Every structure is written in structure tokens, then in C-alpha cells.
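1. need coordinates for the below:
(chains A and B)
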Amino acid sequence: MEAVIFFLAAIGAIAGAIGVVALQNPFYSVLALVVHLFSLAALFLLLTAAFIAAAQVVVYAGAVMVLYVFVVAYVGGGGEPVEDPIHGQRFLGILVVSFLFVELSAAILSSALKALDTHGPDVPAGFGDPAAIGNLLLEKFLLPFEASSILLLIAAVGAIVLAARRREGAVP
Amino acid sequence: MNISWYIVLSALLFGIGAVGILVRRSPMVILLCLELMLNAGNLALVAFSREVGNGQGQVFALVVMVVAACEVVVGLGLIVAIFRRKLPLNVDDLRELRG
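-> Numbering: from 1, shown residues only, chains lettered A, B, ... in the order given. Okay, here's the model as predicted:
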């Protein structure tokens, strides 16, 4: 059963990712990314990371994708030239990345981490639920937690500064 | 399922995102492909967290999500600003900073 769910979610994730890269209309790319994110959430559930899966669906597939859809609707899609500026760019890109994939896979599969070929150790019932993650965030990782909140604040202010409509005659 | 399956899947998703960054020209699609790569990293982090049986990798994944959200916000702000100035939304034409 677990294997069936894994392969379904993996196929969904790969199909969504290929859709993001291959579809010409950015709006369809965003929708393909939503499919990809939901499949990843299913994979996170299989890895007993319930809170991460919920955050993935709520934050990513909910909030971030809505932002993308708004910007795509505002800017409008298309207008991307079909021909390559460098001859054979597509083929070369795919070739380089397939070498990268082979290298990464070889590095992973030949590593000395024995637990990679198991399901992982048995974990207690509350592993990865909001209480466990909250305990970790507020006790062991308090400083990274605060740093990421400051980062979010800076990003919000920066986005307002970047996208704000300026008065006529103001220096851009 | 063995953990190595998840790691290989994450390497594959990372590769697909990298192909997108190499071959696409629209800055919006490039941002989407960056999301793909960050999510592949997240999957690897959560898989390794399960492999060790320790929740700390999941906290890492949460921080990666925060960074991805910041990157999206600033990137989309830049795209809106480029659009307002009626510049072409094509990374081959936007190369004044390339030198």
C-alpha cells in the first residue's frame, strides 16, 4: 500500500515538474506547480512529517500560488520566443542536467549511510506532528526561528518598496 | 519504501528544475523552477530526517519554506517593477548588469 501511494505521488510530482518546465503559458505552469506541491505533500505524509505536509498545502499551494496567479494575471503570459538564442541550448541543458542527476544518484546510492536502504528507524507516535515541531522551533531552534521571521519582514518591506507605484516625476 | 527512493526522486526533481532554469527565458517561469529546486531540497531534508529518526531536519525544511516565500515575494516584486517600466520580460533582454 505504501509503495502504491509512493509511486502515485512520485509520478504526480514528476509530471507536475515537467509540466512547469514544458508548458509555454506561465498560467498553466503555475497550475502544474500546484499539482507538484500536492504530490510532495503526500510524500511528506509518507515520511511521517504531518506538519510539513500541512504547511506545504496551506502556505505553498494556498498562499504562494495565489500570489503567482495574481502576478501572472497582472503581467500576462506568453511572449517568450520559441527559438534558442544559443544553438542547441535545450539539448545541452538537458544533457548537462542528466549528468548531474546520474552523479547525484551515484553519490547517494554508493554512500556509506546504511539506513538509506531501510524504512528508517521506528519513531514514536508524535513524530513530526505540530507539537513536536513547535517544541523544536521554540526551544532548540529559537534563534533560526526569529531570524526567519525577521527575514520575512525584510522581504515584505522590500516587495512593497519594489512594487510600489511612484509619484509622477519621482526618481525611479 | 526505502529512504533512498525518496532521495533519488528528490535528485530527479532538482534536475528537472535545473533544466527549466537553463532553458526557459521568462523570469516568472524561472522563479517557478527555483521553487521546484527548493522543494526537491525540502524532500531530501525530510527524507534524511526520517532516516535518522530525528525531527530536526523537518525544522530545516520549514526554514527553507520561509526562504522560498521571501524569494517569491521579492522576485514577483521585481517582475511587477519590470513590467511597470515596460521592459521586456525576457532574461536574455534584461542583461545590463551582466557586464
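2. got the contact list for the most centrally placed residue in chain A?
-> Closest to where the C-alpha atoms of chain A average out (CA atoms, centre = their mean) is residue A:37, at 6.7 Å. The contact partners of residue A:37, taken as CB atoms under 8 Å, 6 or more residues apart in numbering or on different chains, are A:16, A:56, A:57, A:60, A:61, A:65, B:39. Bear in mind the C-beta positions are built from the backbone N, C-alpha and C, glycine included.
3. of the residues you listed, which pair is most distant in space?
-> By the measure CB to CB, A:16 and A:57 form the most distant pair in the contacts of residue A:37, at 13.9 Å.
4. next, the buried residues of the longest helix along chain B.
-> The longest helix of chain B (DSSP state H) is helix B:56-84. For helix B:56-84, a neighbour-count test (16 or more other CB atoms under 10 Å in any protein chain shown) marks B:57-66, B:68-70, B:72-84 as buried.
5. re the thing from before, any of the contacts of residue A:37 buried? List them.
-> By neighbour count, with 16+ other CB under 10 Å, the contacts of residue A:37 hold A:16, A:56, A:57, A:60, A:61, A:65, B:39 as buried.
6. nearest to residue A:155, out of the residues you listed: which one, please.
-> Nearest to residue A:155, judged by CB to CB, of the buried ones among the contacts of residue A:37 is residue A:60 at 15.5 Å.
7. identify the residue spatially nearest to the closest one, adjacent ones excluded.
-> residue A:37 (4.9 Å; CB to CB, 6 or more residues apart in numbering or on different chains).
8. same question for residue B:1.
-> residue A:6 (4.7 Å).
9. contact partners for that neighbour?
-> Going by CB under 8 Å, 6+ apart, residue A:6 touches A:43, A:46, B:1, B:5.
10. three-state assignment of it?
-> Local secondary structure at residue A:6 is given as helix here, using DSSP: H, G, I helix; E, B strand; the rest coil.
11. pLDDT wise, what is it at?
-> Per-residue pLDDT puts residue A:6 at 91.
12. below-threshold pLDDT in chain B: ranges please.
-> B:98-99 (pLDDT under 70).
13. any idea which of the buried ones among the contacts of residue A:37 is closest to residue A:27?
-> Of those, the one sitting nearest to residue A:27 (CB to CB) turns out to be residue A:65, at 11.2 Å.
14. element containing that closest one?
-> Residue A:65 is located in helix A:65-75, with elements delineated by DSSP states H and E.
15. hmm, who's touching that helix?
-> Contacts for helix A:65-75 (CB under 8 Å, 6+ apart): A:26-27, A:30, A:33-34, A:37, B:28, B:32, B:72-73, B:76, B:79-80, B:83, B:89.
16. and of the contacts of residue A:6, the nearest to residue B:96?
-> residue A:43 (41.0 Å).
17. does the closest one really touch residue A:9, like I thought?
-> Yes. Using CB atoms under 8 Å, residue A:43 is in contact with residue A:9, at 4.9 Å.
18. just want to know which of the two has more residues nearby.
-> The residue with more neighbours, out of residue A:43 and residue A:9, is residue A:43; 26 against 20, by other CB atoms under 10 Å in any protein chain shown.
19. out of the buried residues of helix B:56-84, who's near chain A?
-> B:58-59, B:61-63, B:65-66, B:68-70, B:72-74, B:76-81, B:83-84 (CB under 8 Å from any CB of the partner chain).
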